[in-house]
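K.L.:
Sequence and computational prediction follow.
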Amino acid sequence: MIVGIDVGGTHTDGVLVAQKAADSTADNYKIIATTKVITEQDNLMNSILKALDNLIEQSNAKQIERLVLSTTLTTNAILEEKYDPVGLILIPGPGISSDYLKYGAENLVLSGYVNHRGQQVKKIEQSEIKTGLKSFMEKSIKNIAVIGKFSIRNPEQELAVLAYLKAAENKFTSLTAGHRLSGRLNFPRRIVTAYFNSAVTKIHQEFSAAIKQALQKRRLEPELFLLKCDGGTIPLADSLELPVETVNSGPAASIMGVMTLSNIDQRQQTAVSLDIGGTTTDIGLFIQGEPVFMPDGIVINDLATLIRGLYSISIPIGGDSLIQVIKGELKIGPRRLGPAAAAGGPAPTPTDALLVAGYLAEAESYDKKFDLKKAETALSSLVKQLQTANNSKNILPTAEKLTVHSLAELIIDQLTDKIVNRIRKMLADLEDKTVYTISELLAEVKIEPELLLGMGGPAKALVKLLAQKLNYQAELIPYSKVANAVGAAFARPTITTTVRIDTAAGQLDIAEAGIHRSLKASEKFNLEQSKKLALKITKERSLVKTAVEITDVESFNVIEGFRTVGAIREIKAQVKPGPIARLKGDDQDE
Amino acid sequence: MNKVPELKAKNKLGLIFFPAFDWEISPTHPERKERLLYTRDQVFEEGLLDINGIAEFNPDIAEPEDIVRANICIPTVADICTKSHLISAGAAMRAAELVLTDQVSKAFAIVRPPGHHAFRLVHGARGFCNINNEAVMVEAIRKHYPEIKIAFVDTDAHHADGTQEIFYHDPNILHISLHQDGRTLFPGSGFLNELGGPGAYAKTLNIPLPPGTTDQGILYAIKQFVLPVLHDFAPDLVINSAGQDNHYSDPLTNMNVSARGYAELNALLDPDLAILQGGYSIQSALPYINVGLILAMAGLDYSSVTEPDYQPDKLIQSKQITEKIKREIDQLQQIWQQRNQIDLEEVYGSLNNGYKREKRIFYDTDQILEEQQEALNYCPDCPGYLFIESQASRGGFRKKKIAALSIPRLICDSCYNEALAKFEELKTTARQKYDSLYLQDLKADQYLIHNF
């Protein structure tokens, strides 16, 4: 039995799945129990345990084998800045002034430098660390991150600083080395990511201990995983080193939920997914069944990081968005005053428009207690405002002829236009990605989705309308109320590896695995051998027997004085996100 | 979290970074695949692409009709241009479009292959250049703004002989080249007395710098001469042909300019566009120069950008060099100040039969020798048209002989009719003389090849 729990902003969803008894094949699961509880913002653990207890009670489960959590714990800590101060030790060398990079409560700038080839140009001075450490101690800073420019090409200076700190008298709560966070170049992002990692370590450790204790109390011994932002899972024990990878797992849970519930990965179709909530609509994208990653790394608290995340954009429009008339024009969102007027809310919303226009008739399960009269009353106030306004230029049936019904259609038209335009812009942006080779530039990228996968309350009514405008097929996701929890439950561990071999300098670096060593005389590492190494290391680091794939290959000669003296090869490999098993059966309707 | 000052570009900068990682002249040639690899690494690691106000764009791909507005390709565009050249020219065009349509306030095209050694007539590759990407860009701009005034400041260590030649008779293009003295470096030209044709006197200016010139010398030339000239010419667009081989570590030249010197030079010029040309110290110079230039163009502080091995005390300019540069600048200032009082016939001889130039052009990259005669049909009312005869040989084998008429966009009616009549006449009478005739007609935006 597997339990997936997703802690969201308002609700915590849970799902318990089990292998179908009648079926002997291992990857054949069905949903046994689902739950939804209110999220207690100041006690996420309570919400998780409530959801867990509900699932256990419903299913009478005695044991669970796997528990996957997607929480907002680290995300909230970062957004609300609820953490102990973080000190930064930077090794920037020449370049953009480090004044722009001093995010720490205390910032120590060392004078070492490693260049783009990973060659040490300037040594670090121990005396500088010693002096700097004093000011950390004076401010009782216990979280430290050490970040060097080009440290992924040579981590020795970062490691030397860490060794010095570990040997110091005072104990630190968290020490983050920048080179371990990602194999990608970007010093400012490395700093921000390392800062956040150190910041959330303590609360993550506390959470980890608490959940273990709570499970012990319930005599449950599942393998414990956390969902990461890239749609993959990580064992709780392993997440202690890089807890920052678990930020922003909500959108990833949603996308993995869509994947599991639609089997889009097996169908290998190109599809846009829409999760339409009360105040926001989240848009995701699958290209030939595979979820798309953010081009660089996610942005959190307005700061760009190196954290790999699934591509997801959020627009401030949902079923409960406030509709107002401002200067004679309709404005939908971004605020929410409450539920739909039909459900007793204070103001008209898109849900009211859908109800009045008759689109909710076949979607009664969304909410049984809608009052059509209240929806009509709310919309009629908008009709009056539009009629009295002078410049109702965007109203198609002239304002005088406007009825509650035609207004409802108009609102739906505007709402769907907004979403459609955002989807088109997203596709155009992704197609316009900059490239660096002639072959890529000539190969025109076209992303042509054929499917719109919808979930969330108002989705039933809206997805068909949106799909029509986009000329896609519409498809509703079953179990959409607990899709995020399903996504967490089924997500498999992911891993990325960047193998960099510089045969001219005689160096091998695999930043994510903490490998930095000289090449042996016998190690030639031609392109094929380099690729094999990347696959091998990724397989070794991976926890599941899933296919490892190479995602990026670069190979350049190094020429000195018109002679080829070696080569630089950089190979990226990954275990991509996907489900560990399949949900099957004909009983997938809610 | 400590609040840090926001790094925001003062000038919105469009960056067309296209390193063409799959193109090279040959694996050990300076123009090889990894020329911009280390630059990319430095730009990425510095996080420049995340800076608010710096946006990255893909290049356009130029069409053959864009190319032939600038370069007459012998025998055809397809024989001279690979995709890489169409992209490099397209990148320059995109950069100009971004600026002229106000999508950005400045643009920098870090692209290869370079173009500034490509002449109007092209038989092959010369100085690593086949197509003059800047000239293609200028003609693309002038399709929309025919009377625009453009100033080039070429800061490559090699004389920008191609761009100079293409615009030699063009009064709307000011072309200034600063470079290592032609007596010591390819292509061996770019002296003070190369001042443009009779219709564009002093619109071509050359500042040959002695080997060993440092930041001090090149910045002196910029401040004392280039900036005042730009002020007088009052161009609508300033373009920095941003070659980077004046750097002290460049393997092909003997200059001593630093990354910060280049950044300061760019900041002083304040160009609307910069287009990378040469620069072959790919590990020690280009990463730092390009970071410096990007920051300078974005209006950001570049003062902490330096090469890891930068030692200013080892790069001190000798007194002789300083004196020599000063004498040259004095001379150039005089030429510039007297440009409007000059008696053209004294400089160019009688202009009754136009103005002729004989050229022997060696294509070092492709080992081609071209003999060319260029005759300007001088006209006091317009830039005049060119009649060009050319024959090239390669490894002792003579290639075909061709003639070309090149008609500028702003030609007067009488010259235009004369040029067209001449083309028609040659079609019927010159069968014995030439193998092919070319008509580059920018006024009608047409390009014709007549093979006998």
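P.N.:
Received the coordinates, thanks.

K.L.:
alpha carbons only for contacts and neighbour counts from here, please
P.N.:
Fine.

K.L.:
Nearest residue to B:Ala95 in space, please, no chain neighbours.
P.N.:
Spatial nearest neighbour of B:Ala95, chain neighbours left out: B:Ala107 (5.4 Å); criterion: Cα to Cα, 6 or more residues apart in numbering or on different chains.

K.L.:
What ranges does the stretch 301-450 of chain B have for its helices?
P.N.:
Assigned by DSSP state H, counting those that start in this stretch, the stretch 301-450 of chain B shows helices spanning B:319-337, B:344-348, B:413-429.

K.L.:
any idea how far the last one is from the chain center?
P.N.:
The chain centroid and the centroid of helix B:413-429 are separated by 30 Å, computed with Cα atoms, centre = their mean, to the nearest Å.

K.L.:
ok so, going back, of the helices of the stretch 301-450 of chain B, which is nearest A:Thr201?
P.N.:
A:Thr201 lies closest to helix B:319-337 among the helices of the stretch 301-450 of chain B, at 59.6 Å (Cα to Cα).

K.L.:
Please spell out which residues along that closest one are buried.
P.N.:
B:321-322, B:325-326, B:328-329, B:332-333, B:335-336 (16 or more other Cα atoms under 10 Å in any protein chain shown).

K.L.:
Could you do stretch A:105-118 as well?
P.N.:
By neighbour count on 16+ other Cα under 10 Å, the buried set for stretch A:105-118 is A:105-110, A:112-118.

K.L.:
Let's test this: mean pLDDT of stretch A:38-53, rounded?
P.N.:
Across stretch A:38-53, pLDDT averages out at 93.

K.L.:
Alpha carbons only: can I get that stretch in CSV?
P.N.:
This file holds the C-alpha atoms of stretch A:38-53, laid out as CSV (Å, rounded to 0.1, in the frame of the first residue of the first chain):
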residue,chain,number,x,y,z
ILE,A,38,-8.0,21.8,6.0
THR,A,39,-4.4,22.8,6.1
GLU,A,40,-3.3,24.2,9.5
GLN,A,41,-0.7,26.7,8.3
ASP,A,42,1.1,26.8,11.7
ASN,A,43,1.0,23.1,12.2
LEU,A,44,1.6,21.3,8.9
MET,A,45,2.4,18.1,10.8
ASN,A,46,-1.1,18.0,12.2
SER,A,47,-2.6,18.3,8.8
ILE,A,48,-0.4,15.5,7.4
LEU,A,49,-1.2,13.2,10.3
LYS,A,50,-5.0,13.9,10.1
ALA,A,51,-4.9,13.0,6.5
LEU,A,52,-2.9,9.9,7.2
ASP,A,53,-5.2,8.8,10.0
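
K.L.:
how about that stretch: buried residues?
P.N.:
A:39-41, A:44-45, A:47-48, A:50-52.

K.L.:
Of the helices of the stretch 301-450 of chain B, which is nearest chain A?
P.N.:
For chain A, the closest of these is helix B:319-337, at 28.4 Å, according to Cα to the nearest Cα.

K.L.:
So which other helices or strands are in contact with that closest one?
P.N.:
Here helix B:319-337 touches strand B:204-209, helix B:215-221, going by 3 or more Cα pairs under 8 Å, 6 or more residues apart in numbering or on different chains; DSSP states H and E.

K.L.:
I'd like the distance between B:Arg40 and B:Glu147.
P.N.:
Going from B:Arg40 to B:Glu147 by Cα to Cα, to the nearest Å gives 37 Å.

K.L.:
Give the residue from those two that has the larger number of neighbours.
P.N.:
B:Arg40 (22 against 13; other Cα atoms under 10 Å in any protein chain shown).

K.L.:
residues contacting that one?
P.N.:
B:19, B:287 (Cα atoms under 8 Å, 6 or more residues apart in numbering or on different chains).

K.L.:
And the one 3 residues further on, by the same measure?
P.N.:
Applying Cα under 8 Å, 6+ apart, one finds that B:Val43 lies in contact with B:49, B:287, B:290-291.

K.L.:
any chance you could read off phi and psi for residue 293?
P.N.:
If you meant another chain, say so; for now it's chain A. phi -90, psi 160 (degrees, to the nearest 10).

K.L.:
thinking again about what came up before, of all the helices and strands packed on helix B:319-337, which lies closest to chain A?
P.N.:
helix B:215-221 (18.6 Å).

K.L.:
For chain B, what's its nearest residue on chain A.
P.N.:
A:Asn186 (3.9 Å).

K.L.:
Thought B:Leu49 was touching that residue, still the case?
P.N.:
No - judged on Cα atoms under 8 Å, A:Asn186 makes no contact with B:Leu49 at a distance of 9.5 Å.

K.L.:
Pick out whichever of these two has more residues nearby.
P.N.:
For A:Asn186 and B:Leu49, the more surrounded residue by other Cα under 10 Å is A:Asn186, and the numbers stand at 26 against 16.

K.L.:
Find me the pLDDT at the residue lying closest to that one once chain neighbours are set aside, would you?
P.N.:
Excluding its sequence neighbours, the residue lying closest to A:Asn186 (Cα to Cα, 6+ apart) is B:Glu45, at 3.9 Å. If you check B:Glu45, the pLDDT there is 98.

K.L.:
who's in contact with B:Glu45?
P.N.:
If you count contacts by Cα under 8 Å, 6+ apart, B:Glu45 has them with A:149-150, A:185-188.

K.L.:
one more time with 6 Å, if that's ok
P.N.:
By Cα atoms under 6 Å, 6 or more residues apart in numbering or on different chains, B:Glu45 lies in contact with A:185-187.

K.L.:
got CSV for the residues you listed, with distance to B:Lys33, pLDDT and secondary structure too?
P.N.:
Below are the contacts of B:Glu45 laid out as CSV (distance: Cα to Cα, whole Å; pLDDT from 0 to 100; DSSP: H, G, I helix; E, B strand; the rest coil):
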residue, distance to B:Lys33, pLDDT, secondary structure
A:Leu185, 20, 97, coil
A:Asn186, 23, 98, coil
A:Phe187, 25, 98, helix
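
K.L.:
Among those residues, which one lies nearest to A:Met426?
P.N.:
Closest to A:Met426, out of all of the contacts of B:Glu45 and judged by Cα to Cα, is A:Asn186, at 24.2 Å.

K.L.:
Please report the distance of that closest one from A:Ile307.
P.N.:
If you go by Cα to Cα, the gap between A:Asn186 and A:Ile307 works out to 12 Å.

K.L.:
Which pLDDT value belongs to A:Asp413?
P.N.:
95.

K.L.:
Let me have the helices of the stretch 301-450 of chain B in JSON lines, adding mean pLDDT as columns.
P.N.:
Putting the helices of the stretch 301-450 of chain B into JSON lines (pLDDT from 0 to 100) gives the following:
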{"stretch": "helix B:319-337", "mean pLDDT": "97"}
{"stretch": "helix B:344-348", "mean pLDDT": "93"}
{"stretch": "helix B:413-429", "mean pLDDT": "96"}
